[in-house]
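*Asks:* Need coordinates for the following:
(chains A and B)
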Amino acid sequence: MISLLFTLVLFAAVPENVTEFDLDNGIHVITRTVTGGEVEGLSLFLVGGSRVLDESNQGIEAFSLEAALAGSDTYPDERWRQIMDTTLASWNASYNYDYSRYHLKCLSEDLPLLLDGFADCLLEPELDPQIVQRIQSSQLVALQSDLEDPDNRIWLVANQGFMGAGHPYLLRPDGIPSTLASFEVEDVREWLTSRIKSGNIVITHAGPTSPEQLEALLEVSFGRIPEGGDVLPEVPEFAIQNDTLVVENDETLTAYAVVKFKAPPSGSVDIPAYSTAMGVVDEMLWQVLRTEHALTYAPSGGSTNSYRQNWGYMYISTTEPVLSATLMAEVFRNVAMGNVDQSLVTGIANNNRTIQGIGAQSMDTQCWMLGSGYITVGDWRNSYELQESLGDMTVYEVTRALTDWADDAGWGIIADSAVVDFSEFEPWSLKGE
Amino acid sequence: MLYTLILMLSMNFPLVESELPNGLDIIIGEDHASPIVTVCVVVNTGATCETPESNGLAHFYEHMFFKGNSALPDQSAYNARMRELGIIRNGTTGPEVVRYYLTVSSDLFEEGLEFMYDAITAPLFDPQEIVNERTVIMNEYERNTSHPFWNLWRMQEEVLSIDKWRSSAIGVPEVIMAANQEIMLEFQHTYYTPDNSALIITGDIEAEEIMPAVSEMFGQWEFGGRSNYADLELNISIPRDTTVYVGCPEGLGMVRIVFVGPSMADQQEWSYGADVWGQYMGRMTGEFHENLVANGPFLDVYASYYSQRFEPSITFGGTIDPELAEEGVEMMREEIERMFEEGYFNESGIEMASEQLRRSRLFNEESSRDMATETFPFWWVEGGGLEYYNNYLENLSLVTSAEITEFLDRWIKDQPSAVFIITPEGEWVE
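*Replies:* Next up, the predicted model:
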């Protein structure tokens, strides 16, 4: 596959009032000025994700950031809680295969204080053992609750066959119970010391604070972060060699199935066509599996498009997994063969315009788009251009992207062997005859 | 003039409210931040309107809303029109409120409005589509049973609800599998009328410009006058102190202590003190957090009043090591007792709680789409119109420590409670 930096001539969706600058220590900042409100959004991206983890420390970054944000030497626990009470600021953390993201939502008047505290927590975390232990227990409860639900777990089951042994994306950014339970305060301190470096960080902002004001605020807070950073290895392609199937037995009333397959990596020119194609697949899954066959409440299909290595996916919950999986594969092959009406492709474009409009109302979404585009291909504009370009193409372009990328598929199924005959399972092929 | 306009307060964008002669409330918010518009219809109905024989059908109706209607004869035509207009849509059915909403590019506002009008006023309830949808909804039901908290939800319905079917929107399999056209039409006839609904529109539109078209289109919706929603009775009761041991997956532990709260139907005057109290208790520097989390066994705690018309509740809860759950209940009870000691509620803390609620509204109003789909529908139903929401901040500012004490004396002191101890060793509902 040819991988090229993806740029489009179409700039209609790219917002105005976006400014980029570097702090003295090299931290790159992208800010979109949005006037008319009082709500500020600011995201700190810590680049690395699964690539900086190993089997034994999965989840260490997620845990370390949560622990750090409980207070610092200058803003110890009680003072920091007082500030949270006074400002009602909210923090939203997310951790994925390529980066960790910590997002702050607050009112403009509180931004200076909160930025100072935010940076201080990262640089001089208090790490009171009792508080750290409480955070650890909370994260464990959340993780176990998450994994208990087969609707969440099925995505990880599918990873096993699809990604191939040793792929960094098999390492969980949010951890697994055994690793999460093993971390000590010193592990956290060491991790923060090694990772909180200017070269690992990108900051994005959306809100009424001007770029000049923001730069001044960030220079005195995040400007204190030491220089340096990790050299990250390339993310290898997924190593799947054949169609695979991983089955998990669980006493559930309904079965769950997910199939994953290769999609164009970040920067590929095929991303818009492929993403649109999977949008069409999503529509067809709904039409065939839900409307025509009433097999499921929630079929879906799609693709990731902002990771270094991406994948397409199809999902279903159903009491008839064999028939459903057979139909899912058939839907995919049909779309790849071009059995698609142009109105479906145009519909994806129409929907995307609306989705883009919805995202523009949220500072959080704006921060994510600015950072994601910059981190994946080096230019924040990419996120907006990509969204604008989805669906704006012909059936031929769309189906060709799917045909070019159709390859081995990694299936995962969770079902109850007392209800479903596992001997009928097979890895259903997505490739044409 | 076919409608009256009332200017309302919003922190971020102008709002107008009006009522058509057929009784339909119309709420319009102008927000030009993005070239989209969101249209939501909210209806005073939900599981609370059901009987044992119809448990799950309000939700079933929601599914049929997204199928054929007099303008778009089947699901395929419906979906094709959505794609054509770029409509992003959804609907939800809760115990007390049902809402349907769509977002569309603002230059297609009238087409989007018409799409909503046809769906809300003229669904076909095609018998074959109903048969298909039975198994679809059964799959939704089966998915829900896998959720780690499914057992807790069911236990709460058993213990707190007078009529448990009025709390369960998803319903029961035997009713879902027997749904038919007749009962759908009955639901429509009773509840899906303009005098029992509100139309909410927010986004890149001018209220005065769109009002004539909105009024003309939705003015045709026939007045009903048949809904019994306002006459439904309270559906929560805790006659005596009760403790229930609820099963949950390994590793989890939670406790909840629940009291009956004031109804939004006819006891709204208590709700302002209740909300300030809940916010006060939730402060991370407050005694409740300090004693139970910072210096106690809980991982997190909360105390809150749930503004509901039929199942209003006051809950103290928290996450805890399952082995410490029973001890945690005792400690939480001690904290509840402590609330009645003099000086527990101080004016500066109350001021902070009120300010937090004001800020919370500012954050909520960041997205006018969220306002149309979440905030306004909720408060229109629970407040019985948007006047409650409109006057909310002013009423909060009047709350004093004396009012909070009054609230606690009336709703918590010496009142029976239901305690839920949620651990892997607890019981499971069949």
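*Asks:* any idea which residue sits dead centre in chain A?
*Replies:* In chain A, the C-alpha nearest the mean C-alpha coordinate belongs to residue A:96, at 5.1 Å (CA atoms, centre = their mean).
*Asks:* ok, now how distant is it from chain B?
*Replies:* 23 Å (CB to the nearest CB, to the nearest Å). For every residue, glycine as well, the C-beta is placed using N, CA and C.
*Asks:* Wait, that residue touches residue A:171, no?
*Replies:* No: applying CB atoms under 8 Å as the test, residue A:96 and residue A:171 come out as separate, 11.6 Å apart.
*Asks:* Next, the contact list for residue B:213, please.
*Replies:* By CB atoms under 8 Å, 6 or more residues apart in numbering or on different chains, the contact set of residue B:213 is B:110, B:113.
*Asks:* same check, this time on residue B:288
*Replies:* So residue B:288 contacts B:281, B:282, B:301, B:303, B:335 (CB under 8 Å, 6+ apart).
*Asks:* Then residue B:241?
*Replies:* By CB under 8 Å, 6+ apart, the contact set of residue B:241 is B:416, B:417, B:418, B:419.
*Asks:* Please report phi then psi for it.
*Replies:* phi -60, psi 130 (degrees, to the nearest 10).
*Asks:* separation between it and residue B:414?
*Replies:* Relative to residue B:414, residue B:241 is positioned 11 Å away (CB to CB, to the nearest Å).
*Asks:* Touching both of these two, which residues are there?
*Replies:* Contact criterion CB under 8 Å, 6+ apart; no residue bridges residue B:241 and residue B:414 by contacting each.
*Asks:* my guess is residue B:223 meets residue B:23, correct?
*Replies:* Yes: using CB under 8 Å, residue B:223 makes contact with residue B:23 at a distance of 5.8 Å.
*Asks:* In stretch A:79-96, which residues are buried?
*Replies:* Buried residues in stretch A:79-96, counted by 16 or more other CB atoms under 10 Å in any protein chain shown: A:80, A:81, A:83, A:84, A:85, A:86, A:87, A:88, A:89, A:95, A:96.
*Asks:* what does stretch B:342-357 contact?
*Replies:* In contact with stretch B:342-357 (CB under 8 Å, 6+ apart) are residues A:85-86, A:88, B:275-277, B:279-280, B:283, B:286-287, B:338-339, B:393, B:396-397, B:399-401, B:404-405.
*Asks:* Show me the shaky parts of the stretch 101-250 of chain A.
*Replies:* Within the stretch 101-250 of chain A, no stretch has pLDDT under 70.
*Asks:* Is residue A:303 bridged to anything, and to what?
*Replies:* Beta bridges link residue A:303 to residue A:312, judged by DSSP bridges.
*Asks:* can you tell me which residues contact it?
*Replies:* With contact set as CB under 8 Å, 6+ apart, residue A:303 has these partners: A:263, A:274, A:275, A:278, A:310, A:311, A:312, A:313.
*Asks:* Make CSV from the residues you listed and add pLDDT to it.
*Replies:* Shown next, in CSV, are these (pLDDT from 0 to 100):
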residue, pLDDT
A:263, 97
A:274, 95
A:275, 93
A:278, 96
A:310, 96
A:311, 97
A:312, 97
A:313, 98
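*Asks:* Quick one: those residues as a markdown table, columns for distance to residue B:291 and neighbour count too.
*Replies:* Shown next, in a markdown table, are those (distance: CB to CB, whole Å; neighbours: other CB atoms under 10 Å in any protein chain shown):
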| residue | distance to residue B:291 | neighbour count |
| --- | --- | --- |
| A:263 | 51 | 27 |
| A:274 | 55 | 26 |
| A:275 | 51 | 26 |
| A:278 | 52 | 30 |
| A:310 | 49 | 21 |
| A:311 | 48 | 23 |
| A:312 | 51 | 27 |
| A:313 | 47 | 22 |
